[in-house]
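**Student:** What follows is a predicted protein model with its sequence.
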Amino acid sequence: MKKITFANRKGGVGKTTSVWAVGHALAHLGNRVLFVDCDPQCNLSMALPEVPAAQHLGLAIRDGHPLAEAIAQVGPNTSVVQATSELTAVEKMLGTDMDYPFALRTALATLPPDAYDYVLFDTSPSPHSPLAVAAMVASDAVFIPTHPSYFSYEGLASLLDVVSRIKRNYNPQLRVGGMFLTSYAKSYRGRLHREFVEMLEAHPEIGPLLMEQTIRKNSVVEEAQLQREPLHDYAPDSNACVDYDLLTQEILSALSEPAILSKKSR
């Protein structure tokens, strides 16, 4: 299993949408995908088909059940460990445990190693989130969505520092797979946006991490999420679907996985 965390220390940058869209793009290629919603806001869970309330992340990290008991299937190749409203209290309790950084790694270890091809963690933007830390400890790579704005920029350096410390103390294999821009395209004419992107490109740490693919604004994303349908079913010809398919290919390349050949064609 390849484990991927999507993280940013600022909300509203398209993090949950990116987890949702990339996960479905991977599933569309024939991969078995497990979504793990680590955000007490539960936005990812609300964008996926409804599952039994009794199956949720707290079963594994609070009650010690095998992770399989918390997993619900939501599509032919997609499953979820959903977040519920009680996750805030569960996370506070988790933070008092000295071993909390390893909570999700331990939970995943209860699954067969070939149970899924990809595990995608959605995380809270809170800088003190024990579950965000645990997700990165359990992951192979972190991908960072960001808006082309100054306020988004401010949190990027501190997030890279968090990743560096997690790599040093808990997970030597962790790396930043890349950083990509949301609500942006090179054709957009906003001067401030262009200046911000140029500032990112010139930054010695951030510049080399910037990915080629960007995600354009598209209202169809919210429509699909409201209907709890994947983009490939709701709007397969939309800009959003095209952009996220291309981003997924770039993510696969960054993970050194076959980026063109899907399992359907093997």
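**Tutor:** That came through, no problem.

**Student:** Can you name the next helix or strand after the one helix or strand His232 maps to?
**Tutor:** If you go by DSSP states H and E, His232 is part of helix 231-234. Toward the C-terminal end, the helix or strand that comes next after helix 231-234 (DSSP H and E) is helix 239-254.

**Student:** That following helix packs against which elements?
**Tutor:** With contacts taken as 3 or more CB pairs under 8 Å, 6 or more residues apart in numbering; DSSP states H and E, helix 239-254 sits against helix 15-28, strand 141-146, strand 175-181, helix 220-226, helix 231-234. C-betas here are computed from N, CA, C, even on glycine.

**Student:** next structured bit after the longest one?
**Tutor:** This means helix 15-28. Per DSSP H and E, the first helix or strand lying C-terminal to helix 15-28 is strand 33-37.

**Student:** ok, that following strand: who's next to it in the sheet?
**Tutor:** Pairing partners of strand 33-37, with direction, according to DSSP bridges: strand 78-81 (parallel), strand 118-122 (parallel).

**Student:** C-alpha coordinates for the shortest one, CSV please?
**Tutor:** Listed next in CSV are the C-alpha coordinates belonging to strand 78-81 (Å, rounded to 0.1, in the frame of the first residue of the first chain):
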residue,chain,number,x,y,z
THR,A,78,-13.3,2.9,-3.0
SER,A,79,-13.7,2.5,0.8
VAL,A,80,-13.7,5.0,3.7
VAL,A,81,-12.9,5.2,7.3
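
**Student:** got a list of contacts for that strand?
**Tutor:** By CB atoms under 8 Å, 6 or more residues apart in numbering, the surrounding residues in contact with strand 78-81 are 23-24, 27, 32-37, 44-45, 48, 51, 55-57, 60, 67, 70-74, 116, 230.

**Student:** Alpha carbons only: can I get the next helix or strand after it in CSV?
**Tutor:** Along the chain past strand 78-81, the next helix or strand (assigned with DSSP H and E) turns out to be helix 87-94. The C-alpha coordinates for helix 87-94 follow below in CSV (Å, rounded to 0.1, in the frame of the first residue of the first chain):
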residue,chain,number,x,y,z
LEU,A,87,-13.8,12.8,16.4
THR,A,88,-12.8,16.1,18.1
ALA,A,89,-13.1,14.5,21.5
VAL,A,90,-11.4,11.3,20.3
GLU,A,91,-8.5,13.4,19.0
LYS,A,92,-8.1,15.3,22.3
MET,A,93,-7.9,12.0,24.1
LEU,A,94,-5.5,10.6,21.6
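
**Student:** Counting by contacts, list what helix 87-94 packs against.
**Tutor:** Secondary-structure packing of helix 87-94 (3+ CB pairs under 8 Å, 6+ apart): helix 58-61, helix 130-137.
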